[in-house]
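A.B. asks: Give me a 3D structure for the following:
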Amino acid sequence: MPDQPEPPQTPAVGHVGGGPLPRPSRRPVKAVLFDFHGTLAQVEEPREWVLKAAAACGTTLDPIRATSLADRLLTAGRAGGPLPARVPAPLAELWSARDLYPHAHRAAYTGLAEQVDAGIEGFADALYERLLVPDGWVPYPDTAPTIAALRDAGIRVAVVSNIGFDLRPMFDAWQLTDLIDAFVLSYEVGRCKPDPAIFWRACGMLGVDPEQTLMVGDTPADAGAAAAGCAVLVLPAADPGRENGLGAVLDLALSA
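C.D. replies: I've put the predicted structure just below:
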């Protein structure tokens, strides 16, 4: 029986000729955009948050009560923490505008905290105030080395955050402000991630094309930068004090 002819080889779509498929070309990274919460820093541990807020109100809580309150407040919704299990109807409008207006951000989160009866006068406001001070945040150990390495390589850096308050005091306290070329905060620019406009605004402020920009974050909203033409790296948020895998940013940005 004669040998059967070999079936014709069908080339891959868009690839003419044999051999391995070519790797897609990518332009050198000239700028990196970083989300803030969950990417560069984490809020303080929940029980510490509750203990320090209570202390600011002149109340000393025992650890067991503080832990119980922290659990209930996390369920209600913590800024920089889990989203609320539900948003009460009277807070719905404030909640939808929280990252566009400072007053809405404060009112939404203090309103959520007030759903938990702690029996402490001024407690909801004291909890919110912890967000506004550097002591209420913990930068990841690999944040400063990563940003410094990028700047040493001539790569521009911006912080792009959906937020209702100024983040600059945190970076001042951590001595990182001089390493940040731009802060692109939703309440200042009037756009929230994943709207491509906020990423375009960041690229414009840095003077780079989106195709030469890498966005680094921890949520689907950060991945919205892909629609603006940026490359995207999504890293799961780490607990306070633990490294967040930011070395992967250097692998991508410095190898291009």
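A.B. asks: Would you mark the buried spots in stretch 65-77?
C.D. replies: Using 16 or more other Cβ atoms under 10 Å as the test for burial, stretch 65-77 gives 66, 68-70, 73-74, 76-77. All C-beta atoms are positioned from the backbone trio N, CA, C, and that covers glycine.
A.B. asks: among these, which are in helices?
C.D. replies: 66, 68-70, 73-74, 76 (DSSP state H).
A.B. asks: closest to A237 among those?
C.D. replies: Closest to A237 out of these is L74 (14.7 Å), distances taken as Cβ to Cβ.
A.B. asks: Chain neighbours aside, what residue packs nearest to P88?
C.D. replies: Nearest residue to P88 in three dimensions, chain neighbours excluded: Q115, at 6.7 Å (Cβ to Cβ, 6 or more residues apart in numbering).
A.B. asks: try P90
C.D. replies: Nearest in space to P90, with sequence neighbours left out and distances taken as Cβ to Cβ, 6+ apart, is G111 at 7.4 Å.
A.B. asks: For the stretch 51-200 of the chain, just list every one of the helices.
C.D. replies: Applying DSSP state H, counting those that start in this stretch to the stretch 51-200 of the chain gives helices spanning 63-76, 92-96, 102-113, 123-129, 143-152, 168-173, 186-189, 196-206.
A.B. asks: Dump the ones you listed into a markdown table; add distance to G224 as well.
C.D. replies: Putting the helices of the stretch 51-200 of the chain into a markdown table (distance: least, Cβ to Cβ, whole Å) gives the following:
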| stretch | distance to G224 |
| --- | --- |
| helix 63-76 | 26 |
| helix 92-96 | 18 |
| helix 102-113 | 20 |
| helix 123-129 | 27 |
| helix 143-152 | 22 |
| helix 168-173 | 24 |
| helix 186-189 | 12 |
| helix 196-206 | 7 |
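A.B. asks: export these to TSV and tack on distance to A228 and mean pLDDT?
C.D. replies: As requested, the helices of the stretch 51-200 of the chain are exported to TSV (distance: least, Cβ to Cβ, whole Å; pLDDT from 0 to 100):
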stretch	distance to A228	mean pLDDT
helix 63-76	32	95
helix 92-96	23	97
helix 102-113	24	98
helix 123-129	31	97
helix 143-152	20	97
helix 168-173	24	97
helix 186-189	14	98
helix 196-206	4	98
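A.B. asks: of all those helices, which lies closest to G245?
C.D. replies: helix 143-152 (9.8 Å).
A.B. asks: which ones are touching the residue lying closest to P196 once chain neighbours are set aside?
C.D. replies: Counting by Cβ to Cβ, 6+ apart, the nearest residue to P196 once its immediate chain neighbours are dropped is A228, at 3.8 Å. Counting by Cβ atoms under 8 Å, 6 or more residues apart in numbering, A228 makes contact with 196-197, 199-200, 203, 210.
A.B. asks: let's go with 6 Å and repeat that
C.D. replies: Counting by Cβ atoms under 6 Å, 6 or more residues apart in numbering, A228 makes contact with 196, 199-200, 210.
A.B. asks: looking at those residues, which has the most residues close by?
C.D. replies: Neighbour counts for the contacts of A228 peak at F199, which has 28 neighbours (criterion: other Cβ atoms under 10 Å).
A.B. asks: Isn't that residue up against A225?
C.D. replies: Yes. In this structure, F199 is within contact of A225 by Cβ atoms under 6 Å, at 4.6 Å.
A.B. asks: and the two most separated of the buried residues of stretch 65-77?
C.D. replies: Largest separation among the buried residues of stretch 65-77 by Cβ to Cβ: A66 and G77, giving 18.2 Å.
A.B. asks: so A248 is in which element?
C.D. replies: helix 247-255 (DSSP states H and E).
A.B. asks: So what angle separates the directions of that helix and helix 143-152?
C.D. replies: With axes from the mean of the first three to the mean of the last three Cα atoms, to 10 degrees defining the directions, helix 247-255 sits at 10 degrees from helix 143-152.
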